[in-house]
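Q: structure of the sequence below:
(one chain, ligands or ions: 2)
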Amino acid sequence: MAVFTPLNADQVSSFLERYDVGTLDKLAEVAGGTENSTFFVTTDQQRMVLTLFEQGGTDELPFFVDMLDFLAHHNLPVPGPIADRSGQALQTLADRPALLFPRLPGSSPEAPTPAQCTEIGRFMGRMHQISHTFDGQRGNQRDHHWVERQIPRVLPFLSTDEQALMTRYGHALCDRFSNAPALPQGAIHGDLFRDNSLFEGDHLGGVIDFYNGCVGDFIYDLAVLVNDWCHTEDGTLDEVRYSAMINAYVQERPVTDTERDYWHDMLKLTALRYWLSRLLVIHVDQPAFQLTPKPPRQFLDILNAHYATRLSDLP
Ligand SMILES: Nc1ncnc2c1ncn2[C@@H]1O[C@H](COP(=O)(O)OP(=O)(O)O)[C@@H](O)[C@H]1O
Ligand SMILES: N[C@@H](CCOP(=O)(O)O)C(=O)O
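A: Ligands and ions are numbered 1, 2, ... in the order given. Predicted structure coming up:
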């Protein structure tokens, strides 16, 4: 997908005059964006990314700015938004809210190595370890309450077998989490798929796309990570990647007994969350822009894999 709102070099040059970042050398549209318009901006001083926000709900942008600032100040490899000369990060450009970020190095892994799984597990453990002190407020918009509300919206589009599975799994999981004690919480990424990470070899260059970021259950974040990073093409789960990831995670943030108790159901709940969100994009809440939809089936396979084979417990 190309950008939704094109910009020319004059517009960006005068935009950059608000900042202390040098003068424009090169402007390039980023083809891979799915929700926003993204540009690589290079000046005589630095490499940056400019994002124009195309979706509604921009009143939540200050939360994302605060969260990224917080994480960047704790030396995590995330793009802390660049502020203008008056200290303001959030701007307007071409009638869209706009943010300028440092451009982080690397590319997203397709088949992560165990060493990359160790790195990303360590990143998430460190992020969670510090993030219980983050005081921003935004609840998890894709938790079990959301799952429960969305199930009836997609059922009409499923086969009889899939309807039965979604109803059975959905009710069991939502029931379990509705009656759960409070799980440890803090700032979480909420969508740390491989395509939101950048690696140079086995070194983590950075983590991007925090727009599902919120204050939520730490093991929700970890389960999203495991489901995307540790499944193979045929939907089976790779124990080598999994062990590398969770062992690195618990070295940074030890988990509690309650988290261990809920872990396997959290893996299932988050698989169901993506089966649902991908179905919604195709059948119910089609985006304003034409996108190539991601396959919902992948997450049904992961969900079934969790019911068929229990991964090892959290250390
Ligand atoms: N800070 C960054 N550093 C390097 N590349 C980035 C950065 N932010 C975004 N990108 C690149 O831009 C692409 C689209 O950005 P993303 O925030 O994921 O947009 P969208 O929300 O539209 O999917 C990413 O896949 C990545 O290649
Ligand atoms: N990583 C997700 C896309 C983002 O999820 P959403 O619920 O914010 O649409 C995926 O691969 O489906």
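Q: residues from the stretch 151-300 of the chain in reach of ligand 1?
A: Taking C-beta under 6 Å from any ligand atom, the part of the stretch 151-300 of the chain that reaches ligand 1 is made up of 195, 198, 208-209. Glycine gets a C-beta too; all of them are placed from N, C-alpha and C.
Q: could you list the low-pLDDT ranges of the stretch 201-315 of the chain?
A: For the stretch 201-315 of the chain, applying pLDDT under 70 flags the ranges 288-290.
Q: direction included, what does the host helix or strand of Pro97 pair against?
A: Element membership for Pro97 (DSSP states H and E) is strand 96-102. Note on strand 96-102: by DSSP bridges, its sheet partners are strand 47-52 (antiparallel), strand 91-93 (antiparallel).
Q: now the ones you listed as TSV including mean pLDDT, distance to ligand 2 and mean neighbour count?
A: Listed next are those as TSV, based on pLDDT from 0 to 100; distance: least, C-beta to the nearest ligand atom, whole Å; neighbours: other C-beta atoms under 10 Å:
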stretch	mean pLDDT	distance to ligand 2	mean neighbour count
strand 47-52	97	16	20
strand 91-93	96	24	17
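Q: for these, which one sits closest to Val78?
A: strand 47-52 (12.2 Å; C-beta to C-beta).
Q: do the closest one and ligand 1 come into contact?
A: Yes. Under the criterion of C-beta under 6 Å from any ligand atom, ligand 1 is reached by strand 47-52 at Val49.
Q: residues making contact with that strand?
A: 3-5, 7, 12, 15, 21, 30, 36-42, 79, 82, 93-94, 96-103 (C-beta atoms under 8 Å, 6 or more residues apart in numbering).
Q: and with 7 Å instead?
A: Applying C-beta atoms under 7 Å, 6 or more residues apart in numbering, the contact partners of strand 47-52 are 5, 12, 21, 36-41, 79, 82, 93-94, 96, 98-103.
Q: give me the nearest residue to Phe70, chain neighbours excluded.
A: Counting by C-beta to C-beta, 6 or more residues apart in numbering, the nearest residue to Phe70 once its immediate chain neighbours are dropped is Phe134, at 5.2 Å.
Q: ok, the one you found touching Ile188?
A: No. Counting by C-beta atoms under 7 Å, Ile188 is not a contact partner of Phe134; they are 9.9 Å apart.
Q: which one's more surrounded, the two?
A: Ile188 (27 against 18; other C-beta atoms under 10 Å).
Q: what bridges to the more buried one?
A: Here Ile188 sits in beta bridges with Cys214, as judged by DSSP bridges.
Q: again, but for Leu27
A: On the basis of DSSP bridges, Leu27 is bridged to Val41.
Q: what's the local residue count around the residue in the chain positioned nearest to ligand 2?
A: Residue nearest to ligand 2 within the chain (C-beta to the nearest ligand atom): Ser277, separated by 3.7 Å. Neighbour count of Ser277, defined by other C-beta under 10 Å: 20.
Q: same question for Leu24.
A: When neighbours are defined as other C-beta under 10 Å, Leu24 has 18 of them.
Q: show the pLDDT at it.
A: pLDDT recorded at Leu24 is 97.
Q: contacts only, for it.
A: Contact analysis of Leu24 by C-beta under 7 Å, 6+ apart lists 9, 12-13, 16, 41, 43.
Q: buried subset of those?
A: Neighbour-count burial (16 or more other C-beta atoms under 10 Å) is assigned, among those, to 12, 16, 41, 43.
Q: quick check: of those residues, which lies closest to ligand 1?
A: Nearest to ligand 1 among the buried ones among the contacts of Leu24 is Val41, at 10.8 Å by C-beta to the nearest ligand atom.
Q: surely Arg142 is in contact with Leu272?
A: No. Under the criterion of C-beta under 7 Å, Arg142 makes no contact with Leu272, lying 10.6 Å away.
Q: which one of these two has more residues nearby?
A: For Arg142 versus Leu272, the count of surrounding residues by other C-beta under 10 Å is larger for Leu272: 25 against 20.
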